Every structure is written in C-alpha cells, then in structure tokens.
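Novice: compute the structure for the input listed below.
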Amino acid sequence: MEKRKIMIGTIVLIIIFILGFMTSRYGVLLTGNIIENKNAIKTPADYLNNDDFLVYSDKVVLKIENAKITNYVSESMLPFLGEGANGIVVSVESEEEVNVGDVISFRRGESIIVHRVIEKGIDSEGIYFITKGDNVDFADRKIRFEQIEHKLIGIIY
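Specialist: Below is the predicted model of the structure:
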C-alpha cells in the first residue's frame, strides 16, 4: 500500500510538472489555445542585404546611404543596448519604413528616447507607433512619424 501511494504521488507530480512546463514553455492551455507571450520581443526587420557588406582583410565596409554612428546609455534597453554600444542609424523617409520590432529614436519634448516599436496602427489621426523599452514593464504612449529621429539598423560592441 505504501509503495502504491508513493507511485501515485510520483505520477501526479510528473503530470503537474509536464502541464506546467507546457503552459509556460509552449503557451498551450489545457483547452489547446495558444497563450500570447506578452514578453516576447519581435526582432527588427532586415535592412541590409548580403551585397551591402564588403569584407576585406583589414576592414569591413557597409554600403548604407546617410548613415550615422551614435552611442547609447540606456537602462531601458538593456541588455540589447548596453553602455558602450555603438549604433548605426538612418533617417526614415516614410511610415512604411518603420515596423514592429524596429528600434527607433524619437523626440518627446526635449528628450530623445530609444525604444522598440511594439505596435503599429491607425487611428483617427493617422498612423501611430507604440514603443517600449526592452527592460521596462510598461509601454509608451502613441507617437507619430514626425517624432521619429532615426531607426537603428546595426549595433557594434
């Protein structure tokens, strides 16, 4: 009888472990529905093609028009943008060039903020973007294309 209780208890624990693993790792509920992972970070869209990289024995050349180099001090974007990270940024010409997952710098009052685009939508005023720092739990309020300064297209550490 004692062995049977231990065996049943072990089986129950294994089942609980498997169910917990499935719901946290794969986002599957007992109903079979997929749970949206609110913490998932969508990666930026590709900006460069292989032909845009020229690699030599003494240097690497990136063929990017109107690119600038900038550095970051941003706790809100850790670990993606740590202290000392050098970013390659470009100006964007239209709303179509900014996608969910892209990291942008935008003006809010006198400040320049660097956050990831987590939502792109349309409201009564036109296209808007919602951004969020990778290392914070809350999203920013809507921003408009006119506020966007640059789009980050590369990081060099």
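Novice: residues in contact with stretch 119-139: which ones?
Specialist: 41, 74-80, 95, 98-100, 104, 106, 113, 115-118, 140-145, 148 (Cβ atoms under 8 Å, 6 or more residues apart in numbering). Backbone N, C-alpha and C define where each C-beta goes, glycine included.
Novice: how far does that stretch stretch from one end to the other?
Specialist: 10 Å (Cα to Cα, to the nearest Å).
Novice: what's the answer for stretch 46-59, then?
Specialist: 22 Å.
Novice: so which residues of this structure form helices?
Specialist: 2-21 (DSSP state H).
Novice: can you give me the strands in this structure?
Specialist: Using DSSP state E, the strands assigned to the chain run over residues 53-55, 60-62, 68-71, 86-90, 103-108, 111-123, 126-132, 148-156.
Novice: include distance to residue 6, mean pLDDT and mean neighbour count when you put these into TSV, please.
Specialist: Listed next are the strands of the chain as TSV, based on distance: least, Cβ to Cβ, whole Å; pLDDT from 0 to 100; neighbours: other Cβ atoms under 10 Å:
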stretch	distance to residue 6	mean pLDDT	mean neighbour count
strand 53-55	61	91	10
strand 60-62	62	91	11
strand 68-71	60	92	12
strand 86-90	58	94	18
strand 103-108	53	94	19
strand 111-123	48	94	16
strand 126-132	48	96	17
strand 148-156	54	94	18
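Novice: with distance to residue 4 as extra columns, can I get these in TSV?
Specialist: Listed next are the strands of the chain as TSV, based on distance: least, Cβ to Cβ, whole Å:
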stretch	distance to residue 4
strand 53-55	65
strand 60-62	67
strand 68-71	65
strand 86-90	63
strand 103-108	58
strand 111-123	52
strand 126-132	52
strand 148-156	59
